[in-house]
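Peer 1: sequence and predicted structure, then a few things I'm wondering about:
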There are 2 protein chains.
Amino acid sequence: MERIRCELLKNKIMSAEKAADLIMNNCLVGTSGFTPAGYPKAVPIALAKRADKGDKIQIDLFTGASVGHELDGLLSEKGIIRRRYPYQTNNNLRNSINNGIVKYNDMHLSNSAQYLKYGFLGKLDFAIIEAVAITEDGGIVPSTSVGNSNVIVECADKVIVEINVSQPAELEGIHDIYAINKPPFTEHIPIKNASDKIGTTYIPCDPEKIAAIVVTDIEDTTNPIAPIDETSEKMAENLISFLKSEVKCGRLPKNLLPLQSGVGSVANAVLGGLRYSEFENLDFYSEVFQDSALDLLESGKLRIASAASLTISPERIKYFLNNISKYKDKIILRPQEISNNPEIIRRLGVISINTAIEVDIYGNVNSTHIMGNKMMNGIGGSGDFARNAYISIFTTPSTALKGKISSVVPFVSHVDHSEHDVMVIVTENGVADLRGISPRERAELIIDNCAHNDYKEMLRDYYSRASQDAKGAHTPHLLSEAFSWHERYIQTGTMI
Amino acid sequence: MERIRCELLKNKIMSAEKAADLIMNNCLVGTSGFTPAGYPKAVPIALAKRADKGDKIQIDLFTGASVGHELDGLLSEKGIIRRRYPYQTNNNLRNSINNGIVKYNDMHLSNSAQYLKYGFLGKLDFAIIEAVAITEDGGIVPSTSVGNSNVIVECADKVIVEINVSQPAELEGIHDIYAINKPPFTEHIPIKNASDKIGTTYIPCDPEKIAAIVVTDIEDTTNPIAPIDETSEKMAENLISFLKSEVKCGRLPKNLLPLQSGVGSVANAVLGGLRYSEFENLDFYSEVFQDSALDLLESGKLRIASAASLTISPERIKYFLNNISKYKDKIILRPQEISNNPEIIRRLGVISINTAIEVDIYGNVNSTHIMGNKMMNGIGGSGDFARNAYISIFTTPSTALKGKISSVVPFVSHVDHSEHDVMVIVTENGVADLRGISPRERAELIIDNCAHNDYKEMLRDYYSRASQDAKGAHTPHLLSEAFSWHERYIQTGTMI
Ligand SMILES: CC(C)(COP(=O)(O)OP(=O)(O)OC[C@H]1O[C@@H](n2cnc3c(N)ncnc32)[C@H](O)[C@@H]1OP(=O)(O)O)[C@@H](O)C(=O)NCCC(=O)NCCS
Ligand SMILES: CC(C)(COP(=O)(O)OP(=O)(O)OC[C@H]1O[C@@H](n2cnc3c(N)ncnc32)[C@H](O)[C@@H]1OP(=O)(O)O)[C@@H](O)C(=O)NCCC(=O)NCCS
């Protein structure tokens, strides 16, 4: 097993079942994995089998971000997950969360490592980390994501490593691992450009802490990405013309500033549009590296891509990984404590582009809750980027569910990003540039430029009655009607 | 005039009236001033007189934070203010904002300088800066606040300096002015301790830009602060016992980490409680330095206090300023771009303590809007600190208006700080530690520990019906009733 270069550790190789047996009931487990890439698979599957055999086992699960079916899906199905932090996108798990079975705390991704390090979540019993190799000194070389893996290894009592031979050994060298001390001993993070490398290519780990090494070849199950449709193309066009005008007004350099792009199909499609733009020599400083970022890289538009994970769709992941050497010097994978760090995002002046579920007429954004009640995924890193961006942009199609839902509503049913964190809203209909204007001005602009034609008059009606009724209101609302659109949808299946 | 040490500039001395005549209609004016300290007074008064004489003059006004009556009060009364950024606390102005006469955009205070520097608010025509002196090279020595003054001077076409001889010349040396470059040329900010000084004691300024110097002796009108009552004392006790238990659990050092405390009477009272605690050798890294911080300094509890302004109550300001030399080596006044910078707040591990207007059962906080409609003050720096704090704490009395309003509601009528930014809620009844727990757990804890007895059963009733009704809800809400408490108050004058 040439991937395990530390002689001392070769006797720790064991089956996934044996490794899974180490995990006790009621413990806190941290695993690798970020927007399902680079998460452990063999040990979780073996853990699920323990439950099948009648073992009573429950864990609290902490990861980088979302992980694949073998972990979030299977373990929630078997009732093994009791608590879950800081992000997820799995259907089974989502149902358990919404039914109150799994206690979920979704966090700003940049804060999640701190919660662990500062002891806010209690003692971390186990780390399970997918790796492509172990170095001579026991250093762990991650696979397709870094996420919180370095911090998890640092904090865990015991570490289980899954060496995944389906992940190319050539990934070694793509990672840049850097540890941040706890206050009062924290230093500045010495990154000045998206391309700066400041750390090691492996996660330092005391070999004594490594309790088991499992060798596996189960492939990542990444999420498929929806094809780019006309709506997304228009959103991309609107975004690009906004960026162009910023350059023209001297508010952005010609090659822009480092770009961040959110997760999901909409974000992927919108970023993809840049491929056909005039912009060149772009930098990418983001948390996920999706298909469209790969397109930009291949088209020569990107100078460098910095991210916390490689989130390539199932159709393209094989080709990508087989040719990783070709891309390696243009991609850096960092801990999410670094990729999402306010310090760096501000310093670089990142342009953030994230997707909203719904926005309201005053510019507040809901990224997480369906009809104010059901959790979709979680806030993820959207807050880290939006709050600290040079320009923070939110995109959304103006309607959802074939037009039955307006994505522009009087009052968002949950607030993830307040009016203070939202500078620009882009839909397929247009752009609302909210910088420096008052709530009343924002309402008119968002309705005029972003809302769907089918809902414009209804929105204007709400706003104008609110402005008249509420004598003396900075942000005119009719509280008795604020959520009436959502109520109508719940009762009738449409907001119209 | 020995306060003007630059020979070249002595011929720029003129009357306030002459200086005010320089300001054109329709221009953007930036002034010094932060939570009313160190704002210009003579020129604004003269500007108001121009309006009295029938001059048509309107300006957009950008400051550090809130400023006193002579500026916000008088100019809004005369209809001179058209737009206002980034924060205010003046009654006249508040009314004009809520009536839609003044267009107000309240901002995260740490972002406001960026808005100016990046050109998001247009060209800055004039700076009006209160100072205690001008150095040999034309450097401007600010008075009792720094706020955005350095950035305003940097960006303005023309600068008017108000030398205020009522402010002691001994203030020179208390300021630490440091400029941050725009991306892509931004460097890290070299502060590692609250006590680090990294800049100059004056605001560098090209003497060519100085268009006028006005000498005045009008004193700052600071805000009175309410006496500490029983409710605040109990909040302080609850906060202190929470902090003690964090130390005991090893999650905080014995002398804590640098403290931030919000504006207003509640924040002042709560911080004041620390004077009688066992904590020693405390650091203070905040934006306002209010009376209670002065008490802590005088009692020897504080090693250092870093802030953006000295906001001492009218009763104590005279004594304080007359004795400023005694305090000077323990106080640092910084630009708000530094005092409120996410980079520094995270690095130092600041414990933030801010005041909420209302909180909801899931831990979302409203700091700005009364009944979802009327603007109170603005978000100020609360978001800068809460988002980046080591531990972010919000305090509020459990009721307002003599019990007629519950400060714990089903759904806050405006969200300034989402559940992701709120770790701990403190009322006079107790503490809710929300770290790592799910929304359903948060609801039970907040109701049990923080709500007022008169409202507990009503809150439990809402929550339990929401949990039952909403089949499958991470955050159970009855949207049709979410704002019913606010509506009831508006209709009947009480939430009961
Ligand atoms: C907002 C988010 C869910 C959009 O995801 P997406 O894949 O681009 O968009 P989709 O259009 O497929 O929407 C996802 C789902 O939300 C539903 N949805 C979207 N808008 C809706 C609305 N206004 N009301 C109700 N449901 C809505 C869609 O119908 C779809 O549901 P389905 O999966 O049951 O079909 C996703 O970007 C997200 O989770 N964001 C939060 C985290 C984040 O921003 N991370 C990035 C930081 S780098
Ligand atoms: C929240 C805030 C208004 C509290 O101010 P305060 O002086 O400590 O508290 P008070 O109890 O005097 O409340 C201020 C007003 O709000 C009203 N109020 C408080 N809670 C209320 C509630 N739940 N519903 C309605 N009104 C409420 C009070 O009645 C009072 O009104 P009044 O001035 O007409 O008498 C103030 O802290 C603030 O503006 N915060 C936001 C900015 C910030 O946090 N900056 C600090 C960053 S360092």
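Peer 2: Looks like it came in fine. Numbers count the residues shown, from 1 in each chain, chains lettered A, B, ... in the order given. Ligands and ions are numbered 1, 2, ... in the order given.

Peer 1: which stretches of the stretch 151-300 of chain A have low pLDDT?
Peer 2: Confidence mapping of the stretch 151-300 of chain A against pLDDT under 70 gives zero matching residues.

Peer 1: list the contacts for the residue in it that chain B sits nearest to?
Peer 2: Going by Cβ to the nearest Cβ, chain B is nearest to residue A:183 of the stretch 151-300 of chain A, at 2.6 Å. (Glycine included, C-beta is placed from N, CA and C.) Applying Cβ atoms under 8 Å, 6 or more residues apart in numbering or on different chains to residue A:183 gives the contacts B:257, B:347-349, B:390.

Peer 1: could you find the closest non-adjacent residue to it?
Peer 2: Closest residue to residue A:183 apart from its sequence neighbours, by Cβ to Cβ, 6 or more residues apart in numbering or on different chains: residue B:349 at 2.6 Å.

Peer 1: what's the answer for residue A:110, then?
Peer 2: In this structure, residue A:110 finds its nearest non-sequential neighbour in residue A:340, 3.6 Å apart by Cβ to Cβ, 6+ apart.

Peer 1: residue A:168 is in contact with residue A:322, correct?
Peer 2: Yes. Contact criterion Cβ atoms under 8 Å: residue A:322 and residue A:168 qualify, at 7.2 Å.

Peer 1: what parts of the stretch 51-200 of chain A come near chain B?
Peer 2: Within the stretch 51-200 of chain A, the positions lying close to chain B (Cβ under 8 Å from any Cβ of the partner chain) are A:83, A:85, A:95, A:97-100, A:103-108, A:111, A:114-115, A:118-121, A:182-184, A:186-190, A:192-193.

Peer 1: in helices, which of these fall?
Peer 2: A:95, A:97-98, A:111, A:114-115 (DSSP state H).

Peer 1: look at the residue most central in space within chain A and report its pLDDT.
Peer 2: Central residue of chain A (Cα atoms, centre = their mean): residue A:380, 4.6 Å from the mean position. Per-residue confidence (pLDDT) for residue A:380: 98.

Peer 1: check residue A:470 too.
Peer 2: 65.

Peer 1: pLDDT of stretch A:108-118, averaged?
Peer 2: Per-residue pLDDT over stretch A:108-118 has a mean of 98.

Peer 1: thinking again about what came up before, so who does the residue nearest to residue A:183 touch?
Peer 2: Residue B:349 neighbours (Cβ under 8 Å, 6+ apart): A:182-184, A:186, B:257-258, B:389-390.

Peer 1: hmm, try it at 7 Å
Peer 2: By Cβ atoms under 7 Å, 6 or more residues apart in numbering or on different chains, the contact set of residue B:349 is A:183-184, A:186, B:257, B:390.

Peer 1: any chance of those in JSON lines, plus distance to residue A:335?
Peer 2: Converted to JSON lines, the contacts of residue B:349 look like this (distance: Cβ to Cβ, whole Å):
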{"residue": "A:183", "distance to residue A:335": "18"}
{"residue": "A:184", "distance to residue A:335": "21"}
{"residue": "A:186", "distance to residue A:335": "15"}
{"residue": "B:257", "distance to residue A:335": "22"}
{"residue": "B:390", "distance to residue A:335": "19"}
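
Peer 1: what about those residues, which one has the most neighbours?
Peer 2: Using other Cβ atoms under 10 Å in any protein chain shown as the neighbour test, those are led by residue B:390, with 25 neighbours.

Peer 1: doesn't residue B:348 make contact with that residue?
Peer 2: No. Residue B:390 lies out of contact with residue B:348 (Cβ atoms under 7 Å); the separation is 8.2 Å.

Peer 1: got any residues that touch both of these two?
Peer 2: Common neighbours of residue B:390 and residue B:348 (Cβ under 7 Å, 6+ apart) are A:183, B:257.

Peer 1: list the buried residues for stretch A:50-60?
Peer 2: Across stretch A:50-60, burial judged by 16 or more other Cβ atoms under 10 Å in any protein chain shown covers A:50-51, A:57, A:59-60.

Peer 1: and if you look at stretch A:457-471?
Peer 2: Neighbour counts over stretch A:457-471 (16+ other Cβ under 10 Å) mark A:458-460, A:462-463, A:466-467, A:470 as buried.

Peer 1: same thing with stretch A:255-267?
Peer 2: Quick answer for stretch A:255-267 (16+ other Cβ under 10 Å): A:256-267.

Peer 1: kindly reformat those as TSV containing secondary structure and distance to residue A:419.
Peer 2: Listed next are those as TSV, based on DSSP: H, G, I helix; E, B strand; the rest coil; distance: Cβ to Cβ, whole Å:
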residue	secondary structure	distance to residue A:419
A:256	coil	25
A:257	coil	23
A:258	coil	25
A:259	strand	23
A:260	strand	20
A:261	strand	22
A:262	coil	19
A:263	coil	23
A:264	coil	23
A:265	helix	26
A:266	helix	21
A:267	helix	21
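
Peer 1: as TSV, these with distance to residue A:448 would be great.
Peer 2: Formatted as TSV, the buried residues of stretch A:255-267 follow (distance: Cβ to Cβ, whole Å):
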residue	distance to residue A:448
A:256	27
A:257	28
A:258	31
A:259	27
A:260	28
A:261	26
A:262	25
A:263	29
A:264	27
A:265	27
A:266	22
A:267	25
